[in-house]
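Asks: just a sequence and a predicted model for now, questions to come.
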Amino acid sequence: MLKKCDKVWLMLLSLVSIQSYSQKIIWDQSYGGIHGEYLMDAIATADYGFILAGSSVSGKTGNKKQDNRGNLDYWIWKMNEHGEQEWQKSFGGSGRDLLYSIDMSSDGGYVLGGSSDSNATEGIKKENCKGSEDYWVVKLDAGGNVLWEKTLGGRGQDVLTRVISLKDGGVLLGGSSNSDKSDDKEKDSYGGLDFWVVKLDNKGKIEWERTLGGKYDDVLKSMIATSDGGYMLGGYTNSPSSDTKSTDNLTGDYWIVKLDKSGNTQWETTYGGEGNDELTVLLELKDGNYIAGGNSDSSPAKNGADVWLINLDAKGLVNWQKNYDIGSMDLLTSVLENPDSTLVLGIHSKGGNINLKSMRKKENIDEYVLLKISPKGEEKWSKNVGSGGIDVLKKVVMARDGGYVMSGISESNSTRGDRSSIIGSKDFWVVKLGDKEKEEVKKKSIEAFPNPAITYTNIIIGHDYEKGVATVFDLNGRQLQRFEIEGNRTIPVDLSGLPMGMYLIHIKTDVQEDGIKIMKK
């Protein structure tokens with residue numbers, strides 16, 4: 001455990017010592033209906049595009065194409081590398097369905113995870129709510145079509161905040177629960193909220209589940225699969241040493257739990273100071289160490305919460321730590337590692353104490369902030385983006401071309417600052433930035449993901465086109481499948497009816513033609 005008196009902090013010093021590089025805004029886009037949209041997550045896709053994930057209360061208005069089924073519905077938006085729509089989907093029951101997390105699955109599709117109080121409804125949701133709120137998981141193919149969905153929970157409140165697609169085709173769910181033993185939950189709650197982790201197979205069947213916590217509140221905020229085959233969980237705790245928690249804390253601290261592949265605890269540790277410390281992000285680095293990041297108002301923070309970053313070894317011991325004071329309150333949402341081991345932090349910052357050279361000093365302004373640091377935590381450059389209103393950054397993802405996509409929620413009544421358009425009261429707002437320190441990645445003319453494949457593979461076309469034809473051949477040149485394609489850069493190909501072996505997929509569009517070999521396992 002990190003002792004309170006041993007915390008070593010680095011404040012950003014003089015403006016003279018800070019290097020600042022102006023990073024170019026490539027495009028920005030707004031998405032939504034006339035009411036409210038709440039973006040929570042985003043991922044980069046293999047075709048150089050992106051998927052935004054969140055919830056919507058809007059009907060079919062603005063650029064939203066489907067009506068709501070209930071209060072809040074899951075809403076995902078697939079866009080290409082230019083921010084232009086490829087498709088969008090809305091899922092929900094009659095109640096409140098709040099999408100928190102999305103991940104790309106090993107078959108090239110997607111897994112959605114969030115919380116729901118909807119009962120079974122005509123359409124996608126097949127099971128009634130089991131308590132006040134349940135985990136709700138939806139598995140999609142590469143085109144956004146539903147393959148299966150699952151409701152999991154006990155008789156209390158179960159809020160799913162993270163979903164991870166695993167190499168074995170299964171799914172790991174992580175969130176917080178106060179349910180006692182009932183329905184899908186095998187153990188009573190230890191106190192208020194506990195970490196609750198559930199492992200599903202590739203059809204949505206429960207393989208194992210774990211309840212972790214002390215006698216007060218333990219709220220899971222982040223979860224990753226680790227290179228040793230296990231998992232790491234992180235979040236906020238105000239529980240003393242009790243039940244499955246072995247370390248004490250004064251107020252609220254970071255709590256990290258390391259699990260093996262079967263969900264057994266390998267180690268768990270608390271980190272924090274005399275104030276409130278809330279973990280939001282975990283990342284495994286290429287060198288085998290970990291980054292744990294979040295927000296802290298413990299000393300020496302002077303202006304509300306600062307970003308607090310800790311570099312840990314494989315056993316949870318601290319290698320180094322830094323804090324970053326940008327505005328009057330700074331909330332860390334994302335940490336990315338570049339190929340050169342530099343890190344990029346995505347921060348939602350409130351104005352009033354802007355002290356970085358590249359920042360615009362504004363009072364009571366919420367902005368997106370991107371901060372690039374060295375592998376040891378020293379600042380390299382920073383970039384803030386805003387509309388002059390309330391802009392809440394939720395996720396930063398790395399584009400396949402080397403840039404960054406900043407996505408969140410914007411509440412503004414005018415197109416000021418960096419925002420080019422508005423639709424409703426709260427919209428998804430996405431900004432694509434370049435990085436002058438990185439070389440742009442050249443696109444391949446054709447790719448396949450996954451390859452080798454078990455059932456589906458997805459052909460990634462590296463150019464824009466209007467119409468074309470996809471054809472599947474065996475190595476003897478026999479045509480096995482042929483179908484037309486129209487503009488989509490990701491083309492799902494069903495190999496489930498074919499024997500194991502090698503196949504050739506040929507793509508001919510109105511621009512060019514290419515072929516690629518695929519191994520069917």
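Replies: Nice, I can see it.
Asks: which residues touch the spatially closest residue to Lys520 that is not a sequence neighbour?
Replies: With C-beta to C-beta, 6 or more residues apart in numbering as the criterion, Lys520 has its nearest non-adjacent residue at 4.9 Å, and that residue is Leu495. All C-beta atoms are positioned from the backbone trio N, CA, C, and that covers glycine. With contacts defined as C-beta atoms under 8 Å, 6 or more residues apart in numbering, Leu495 is in contact with Ala453, Ile454, Thr455, Tyr456, Thr457, Val472, Tyr503, Ile518, Lys520.
Asks: now Leu495: how far from Gly515?
Replies: 16 Å (C-beta to C-beta, to the nearest Å).
Asks: what's the answer for Ala448, then?
Replies: Ala448 is 11 Å from Gly515, by C-beta to C-beta.
Asks: of those two, who's got more company?
Replies: Ala448 (20 against 13; other C-beta atoms under 10 Å).
Asks: which residues of this structure fall in helices?
Replies: For the chain, applying DSSP state H gives no helices.
Asks: pretty sure Ser431 sits against Glu367.
Replies: Quick fix: residue 431 is Val, not Ser. No. Look at Val431 against Glu367 with C-beta atoms under 8 Å: they stay out of range, at 10.8 Å.
Asks: which neighbours do the two share?
Replies: Val385.
Asks: quick one: contacts of stretch 204-213?
Replies: 137, 139, 148-150, 152, 170-171, 177, 184-191, 193-201, 218, 233, 237, 239, 243-245, 257, 259, 262-263, 265, 268.
Asks: and that stretch, which residues are buried?
Replies: Gly204, Glu209, Arg210, Thr211, Leu212, Gly213 (16 or more other C-beta atoms under 10 Å).
Asks: ditto for stretch 133-145
Replies: Those would be Glu133, Asp134, Tyr135, Trp136, Val137, Val138, Lys139, Leu140, Asp141, Ala142, Gly143, Gly144, for stretch 133-145 by 16+ other C-beta under 10 Å.
Asks: format the residues you listed as a markdown table; extra columns: distance to Lys436 and pLDDT.
Replies: Putting the buried residues of stretch 133-145 into a markdown table (distance: C-beta to C-beta, whole Å; pLDDT from 0 to 100) gives the following:
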| residue | distance to Lys436 | pLDDT |
| --- | --- | --- |
| Glu133 | 45 | 96 |
| Asp134 | 46 | 98 |
| Tyr135 | 42 | 98 |
| Trp136 | 42 | 97 |
| Val137 | 40 | 97 |
| Val138 | 39 | 97 |
| Lys139 | 39 | 96 |
| Leu140 | 36 | 94 |
| Asp141 | 38 | 88 |
| Ala142 | 33 | 84 |
| Gly143 | 36 | 84 |
| Gly144 | 35 | 90 |
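Asks: ok, of the residues you listed, which one's closest to Ser328?
Replies: Glu133 (32.5 Å; C-beta to C-beta).
Asks: who are the contact partners of that closest one?
Replies: Contacts of Glu133 (C-beta under 8 Å, 6+ apart): Ser115, Ser116, Asp117, Gly153, Gln157, Asp158, Val159.
Asks: OK, contacts around Val392?
Replies: Counting by C-beta under 8 Å, 6+ apart, Val392 has contacts His348, Asp366, Gly408, Ile409, Ser410, Glu411.
Asks: partners of the last one in the sheet?
Replies: If I follow you right, that is Glu411. Ile390 (DSSP bridges).
Asks: what about it, distance to Gly114?
Replies: 21 Å.
Asks: got it, and Glu379?
Replies: Applying C-beta to C-beta to Glu379 and Gly114 gives a distance of 35 Å.
Asks: how far away is the closest residue to Lys380 other than its chain neighbours from Asn202?
Replies: Using C-beta to C-beta, 6+ apart and skipping the chain neighbours, the partner closest in space to Lys380 is Lys372 (4.5 Å). To Asn202, Lys372 is 38 Å away according to C-beta to C-beta.
Asks: His463 now?
Replies: His463 is 33 Å from Asn202, by C-beta to C-beta.
Asks: swap in Asp418?
Replies: From Asp418 to Asn202 the distance is 42 Å (C-beta to C-beta).
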